Each structure stands twice: as structure tokens, then as C-alpha cells.
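Chemist: Fold the following and give me the result.
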Amino acid sequence: MKALKYLNKYFSKYKWRIIIGLIITILSKLLALQVPKLIKQSFNVVEDFKNDTITDIDFVKHELLINVLIIIGVALLSGFFTFLMRQTLIVTSRLIEFDLKNEIYQQYQKLSLNFYKQNRTGDLMNRISEDVGKVRMYVGPAVMYTMNMLVLFAVGFTQMVQVDLKLTLYTLIPFPLLSISIFILSKVIHKRSTVVQQYLSKLTTFNQEFLSGINVVKSYGIEASIIKDFDEISDLSKEKNINLHKANALFFPLMVLLIGISNLIVIYVGGNLYINGEIKSGVIIEFILYVNILTWPVAVVGWVTSMVQQAEASQARINEFLEQVPEIKNENETATELFGKVTFKEVTFTYDDTNITALKNINFTINPGETLAILGKTGSGKSTVIELISRLYDTTEGEILLDDLPIKEANLNDVRNQIGFVPQDPFLFSETIGNNIKFGKEDATEKEIIEAAKNAVVHDNIVDFAKGYDTILGERGVTLSGGQKQRVSIARAIIKNPKILIFDDCLSAVDTETEEKILSNLERVSKNKTTFIISHRVSSAKNADKIIVLDNGKITQQGTHNQLINKAGYYKDLYEQQLLEKEI
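Modeler: Sure thing, here's the model as predicted:
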């Protein structure tokens, strides 16, 4: 149970709830264990009357009536305490589940991009849902039934010893076998539970990727192949689940068998003691009731053990992610205000996962309010520059300065909050168009939303929809065309009114006429803002204050539009090629 030690902090947090639950459990079981004693007394009174030890029939009837009423009262009170016990401990498990999910979710937000490149979405989802669900069964039902079992055993056996030590020892004969069986089965269940959760993650990941890429699947007509792959993973998952439940299925029959053996021992040994006159018949009845009261706690040992082992396997998987140390850390909790100056000093960056050096000794400075355009072929390192400015990665060598302050010394949250970023592949949420734009500014007014949409030249498209800005988008914005998604994403960045604006090839899906309108609006909106424009089009870069051309991670050209079109090189060639295409 090493992995489950991680949950001790939650047990400490809710210790008073758990202590109250324990007290209620003890009271409930103390009451429940009074019933065998009352029934013994009733049998003994009847036996004494039969043996003429007691001759007053009215006394016998009175004693029996009192005992029956007490038994009913005890049962009702015990049931009420059991209800309170469940309310206390099960609610606590839900609170721990809530806290654990939040902790995992916060960890997910802290982890860097490398982590998400190495792990699949389906697996991430499975650990925060299915695995946490298994852990909740441990902190709730497993803890509750364990308390229940321990109290019943402690109190039950204490009372049995007080009644008859010899008979109690005989009753315990099957329990060593029970302990050995639990130990062996627990190891098997733990191993098989881990495998089951791994296959569940594979199944979730497969389904998530299939549903996300349904357009590709249908376009290529590969539904049959996908179904075949799904069947293979599903069948393997089914086999692993069956193997797990085969082990689980051994517990309950084994518990019942051992309890049955205990009952037979009580009847046989107790019967002999009764025949020899050493005990009364009520003692045998009392012991049988005790053994059967303990039947459920003993039988539930198997279920509890299974829950604990599954929770252990799941918590171990959760701990793998919780123990991951974010590569990008906030080194400064003091507020950082940006003015917009960005400096790259001998910046080199190599991706850990591919070992590709995307940037090599990059140097440039852009002052507040200026616009820098970055051009280059695919894979030249353009997007990497943007990712480093947003501090999605840290440089391998060299240094990035924001307002002459090393970026690592600036408050990470403040840096990102003052950057408006439009990615190359815009992501829109399954929400209204208005709310997607408001993502850049939660308290934005309707007027601000419309103004941002107009500046992104998407307002006219939105009002043509039946519900306008209240139109619900499909997953990842599939309701919109590629150009519309890009423009909504631009509106989302504009409405944020950041100090630094970053446009990563975000006009690739719009026509040249719309591009001209957007660029004209952006020139006005981005006044006094530091702006980065990544593009393959000279038309997007020509009005920038500075232009740099990247090739294979190095700056091969830099200057203004007028300077670069008069120099032989990539920029001039691209300009002439695109000019010719426009004329044609």
C-alpha cells in the first residue's frame, strides 16, 4: 500500500469527519452486538423454566417481552447509527475525490508541453476519472467496511471470550487459512488490476483519437479497419477484466465456506459442552449469532481487499503524473508588468523529444510598439521563436529578455496574461461563438465582443448564423470553416488587449482580400503593442518595422520590406513569386 500513503494528507484534512464516523461505527456495532446476549438470556429463561428452576410463567413472559422490545429498539438505533456512519464516511470519500481530481487537474495545467507530447489524451482522461474512481472506493467504502469489521471483531471476540474461552478458540480455527488466502489473492488482484487499468487507458485513448479524427476515417473509408483494431483492443481488455474478476470471485465463496466451518465447530463443540453440562443452550445460540454477525465483515474482507488492491494500482498510476516536476517553473511570485521590449541573445533551442535543434544562435531586439515579421520555409524555426517568447519552453542556450529582464526571472503567469496568442491551428471550445471570443477577456461586454469580431473581419459571417453570437460550435469548432476559425481566434486575442500580440501564420486560410482588411485593422489595433507576425506571405509582413528570415534555425536575412526586396535572397524570391501569382 505504498502508493496509497499519498492519500494520508487527505485523511489528515478530514480527520474529524473520520473520527466522528469511527465513533458512530463503534456505537452502532456495540448496539448490534447486544442482540446475541439478549437472545441468550431469553433462551436461558425458557430453559430454566423448562428445568423448573423458574416456576412463574408470568415472569418468563415478562422477561421475554422486555427482551423482544429491547431487541427491536437496539435494531432501530443501530440502523440509525449505521445510516449516520454511511453519511459521514461516504461523504468524506466524495470530498477526497473532489480534492484529488482538482489536484490532478491543477498538475495537468502546470506540466509543460513535453509532457503532453509524451502522453495521450485518453490516458490523461482515464487517470483523472476511472483511476480516481477506484481510489474513492478505497477512501470511502473500503475504509468504512474496514472500520466496521475491526469494531465487530474487537467487540465481538471480546464478548465471546468473556462467555466461553474454549469455544471461542475453536471458532478461530479457520482464520489462519483465511489470512493466507487473502494474502495470496491480494497479490494476484493487485497485478491484474494494474493491467486492467492500462488496457482501459488504451481503449479510452483509441476511442478519443477515433472520434477526433472521424473526418479522416470517413474520407479514407477505413471504418472496417478501425472497427477491427477496436475489437482487438476491446477483446484484450475483456480478457484482462475476466481474469481480474475470476480472482475476485474466489473471495466470497471462500469466506462463506470458512464461516460455515466455524458454525459447524460451534454446533459440534458447543453441543458436547452442553451435553456435559458445562454450558447452557443459550450460549450455543449466542455463539452461532456472533459467528453469523461476523459473517458479513469476514465475507466483505475479500471485497475490501479487492478495492484496496485496485486503488493501490490506480493511485500508483496517478502518482506517476503527480510526481512529475514541471519543466517550466514560476521563479518569481512578484507581479511583472510588461512594456513590450523583447530581446533574443545567442538563443539556441533543441527539442528533447526529437533532438532537433530548431534555433541556432538567434539574435534580435524588438522595441515596445514595433512589429516583427518572421518568414521562412516549413521547419525553419518560426513557431519555435513564438513558443519561447510565451515561455512554453526554456532555451537550451542563450537568453531571452523581456524589458531587459531575463524571462525566467519574470512572473510566468503575468507574462502569459499579457500575451495575446493566435496559434497556427486555432482551437475553439464547444461553446457559443461569443463565449469563445470572451475566452480572451471573461468580463467583456457584448459591444467589446462585436468590436473584436469586426476587427477580425468575422462579424458579418457570425450574424449570418441563425443564432448569431449564440451559435454553439461543435467540438474543436467544426461548425466553422478554417478561415472563420482563424478569425474568431484573432478576435479572442484582440479583445484581451495584451501588451504583446503574436500571430502564428493565422491568415493562411483566408483570401487575400480578407487578409488585407484584417491586416489593416490589426495595424490600428496593435498600435503601441509589440507584435509578432509569423507568415508565409510577403503581404502579411511588408508593413512590419522589422523582418527576419529564418532558414534551418538561423537568421539568413533581416531588415525592412524595402531593404529586403532589393537584396538577392529568399525574401526577394518569395516577393516576386507571390507578385506573379497575384497578377496571374
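Chemist: In contact with the most centrally placed residue in the chain, which residues?
Modeler: Closest residue to the average C-alpha location of the chain: residue 128 at 2.1 Å, with C-alpha atoms, centre = their mean. With contact taken as C-beta atoms under 8 Å, 6 or more residues apart in numbering, residue 128 is in contact with 101, 104, 105, 108. C-beta coordinates here come from the backbone N, C-alpha and C atoms, glycine included.
Chemist: Now the helix or strand residue 132 falls within: buried residues?
Modeler: Taking DSSP states H and E as the criterion, residue 132 maps to helix 132-137. By 16 or more other C-beta atoms under 10 Å, the buried positions in helix 132-137 come out as 132, 134, 135, 136, 137.
Chemist: Looking at those, which one is closest to residue 560?
Modeler: residue 132 (55.8 Å; C-beta to C-beta).
Chemist: so who does that closest one touch?
Modeler: 97, 100, 101, 104, 314, 318.
Chemist: repeat that for 10 Å
Modeler: 96, 97, 98, 100, 101, 103, 104, 126, 311, 314, 315, 318 (C-beta atoms under 10 Å, 6 or more residues apart in numbering).
Chemist: Show me what the mean pLDDT comes to for the helix or strand encompassing residue 238.
Modeler: Assigned by DSSP H and E, residue 238 belongs to helix 223-275. For helix 223-275, mean pLDDT rounds to 82.
Chemist: Give the other helices and strands that it contacts.
Modeler: helix 165-171, helix 175-212, helix 214-220, helix 281-293, helix 295-322 (3 or more C-beta pairs under 10 Å, 6 or more residues apart in numbering; DSSP states H and E).
Chemist: Tell me which of those helices approaches residue 154 most closely.
Modeler: helix 295-322 (10.9 Å).
Chemist: That closest one relative to helix 281-293, how many degrees between them?
Modeler: Helix 295-322 and helix 281-293 are oriented at 20 degrees to each other (axes from the mean of the first three to the mean of the last three C-alpha atoms, to 10 degrees).
Chemist: buried residues in helix 295-322?
Modeler: So, applying 16+ other C-beta under 10 Å, buried residues of helix 295-322: 295, 297-319, 321.
Chemist: Then stretch 347-354?
Modeler: Going by 16+ other C-beta under 10 Å, stretch 347-354 has these buried residues: 347, 349, 350.
Chemist: ok, the second one to residue 140 distance?
Modeler: In this structure, residue 349 and residue 140 are 47 Å apart, going by C-beta to C-beta, to the nearest Å.
Chemist: And residue 438, by the same measure?
Modeler: For residue 438, the distance to residue 140 - C-beta to C-beta - is 38 Å.
Chemist: now swap in residue 251 and tell me
Modeler: 19 Å.
Chemist: and the helix or strand that residue 106 is a member of, what does it pack onto?
Modeler: Taking DSSP H and E as the definition, residue 106 sits inside helix 57-110. Packing partners of helix 57-110 (3+ C-beta pairs under 10 Å, 6+ apart): helix 8-13, helix 15-32, helix 34-50, helix 113-118, helix 132-137, helix 143-163, helix 295-322.
Chemist: Show me how far the longest one is from its chain's centre.
Modeler: How far helix 295-322 lies from its chain's middle: 18 Å, per C-alpha atoms, centre = their mean, to the nearest Å.
Chemist: quick one: it to helix 143-163, angle?
Modeler: Going by the same axes, to 10 degrees, helix 295-322 makes 140 degrees with helix 143-163.
Chemist: what secondary structure does the nearest residue to residue 422 once chain neighbours are set aside sit in?
Modeler: Once flanking residues are discounted, residue 422 sits nearest to residue 506: 4.2 Å by C-beta to C-beta, 6 or more residues apart in numbering. Assigned with DSSP: H, G, I helix; E, B strand; the rest coil, residue 506 falls in the coil class.
Chemist: Would you mind listing the residues in contact with residue 506?
Modeler: 421-426, 456, 485-487, 489-490, 493, 518, 533-535, 540.
Chemist: Please, a PyMOL command that selects the buried ones among those residues?
Modeler: Burial among the contacts of residue 506 is assessed by 16+ other C-beta under 10 Å; the matching PyMOL selection reads:
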select buried, resi 421+422+423+426+456+485+486+487+489+490+493+518+533+534+535+540
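Chemist: For the residue lying closest to residue 120 once chain neighbours are set aside, list the residues it contacts.
Modeler: In space, and not counting its chain neighbours, residue 120 is closest to residue 205: 4.4 Å by C-beta to C-beta, 6+ apart. Neighbour list for residue 205: 119, 120, 121, 122, 123, 124, 125, 126, 233 [criterion: C-beta under 10 Å, 6+ apart].
Chemist: so can I have JSON lines of the residues you listed showing secondary structure?
Modeler: Converted to JSON lines, those look like this (three-state DSSP):
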{"residue": "119", "secondary structure": "coil"}
{"residue": "120", "secondary structure": "coil"}
{"residue": "121", "secondary structure": "helix"}
{"residue": "122", "secondary structure": "helix"}
{"residue": "123", "secondary structure": "helix"}
{"residue": "124", "secondary structure": "helix"}
{"residue": "125", "secondary structure": "helix"}
{"residue": "126", "secondary structure": "helix"}
{"residue": "233", "secondary structure": "helix"}
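Chemist: Of the residues you listed, just the buried ones, ChimeraX syntax please.
Modeler: Entered in ChimeraX, the line below selects the buried ones among those, by 16+ other C-beta under 10 Å:
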select :119,120,122,123,124,126
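Chemist: Which of the contacts of residue 205 sits closest to residue 408?
Modeler: residue 119 (25.2 Å).
Chemist: who's residue 502 bridged to?
Modeler: Taking DSSP bridges as the rule, residue 502 bridges to residue 421, residue 532.
Chemist: who touches it in this structure?
Modeler: By C-beta under 10 Å, 6+ apart, the neighbours of residue 502 are 385-387, 389-390, 419-423, 493, 530-534.
Chemist: Near the closest residue to residue 177 other than its chain neighbours, how many other residues are there?
Modeler: Once flanking residues are discounted, residue 177 sits nearest to residue 258: 6.6 Å by C-beta to C-beta, 6+ apart. Using other C-beta atoms under 10 Å, the number of residues around residue 258 comes to 19.
Chemist: Check residue 249 too.
Modeler: Residue 249 has 12 nearby residues by other C-beta under 10 Å.
Chemist: That one and residue 273, how far apart?
Modeler: 37 Å.
Chemist: how far away is residue 259 from residue 252?
Modeler: 11 Å.
Chemist: Also residue 121?
Modeler: Taking C-beta to C-beta, one finds residue 121 at 38 Å from residue 252.
Chemist: Residue 138 too?
Modeler: Taken as C-beta to C-beta, the span from residue 138 to residue 252 is 19 Å.
Chemist: For the two, indicate the residue with more neighbours.
Modeler: residue 138 (24 against 14).
Chemist: OK, contacts around the more buried one?
Modeler: Contacts of residue 138 (C-beta under 10 Å, 6+ apart): 1, 4, 7, 93, 96, 146, 304, 307-312, 314-315.
Chemist: Leaving out the residues flanking it, which one is nearest to it?
Modeler: Per C-beta to C-beta, 6+ apart, closest to residue 138 is residue 311, 3.4 Å.
Chemist: Residue 144 too?
Modeler: Per C-beta to C-beta, 6+ apart, closest to residue 144 is residue 89, 4.3 Å.
Chemist: just checking, the one you found touches residue 23?
Modeler: No. Using C-beta atoms under 10 Å, residue 89 makes no contact with residue 23, being 11.5 Å away.
Chemist: So between the two, which is more surrounded?
Modeler: Just comparing residue 89 and residue 23: by other C-beta under 10 Å the higher neighbour count belongs to residue 89, 25 against 14.
Chemist: and the gap between that one and residue 18?
Modeler: 7 Å.
Chemist: Which residues are in contact with each of those two?
Modeler: Joint contacts of residue 89 and residue 18 (C-beta under 10 Å, 6+ apart) are 139, 143, 144, 147.
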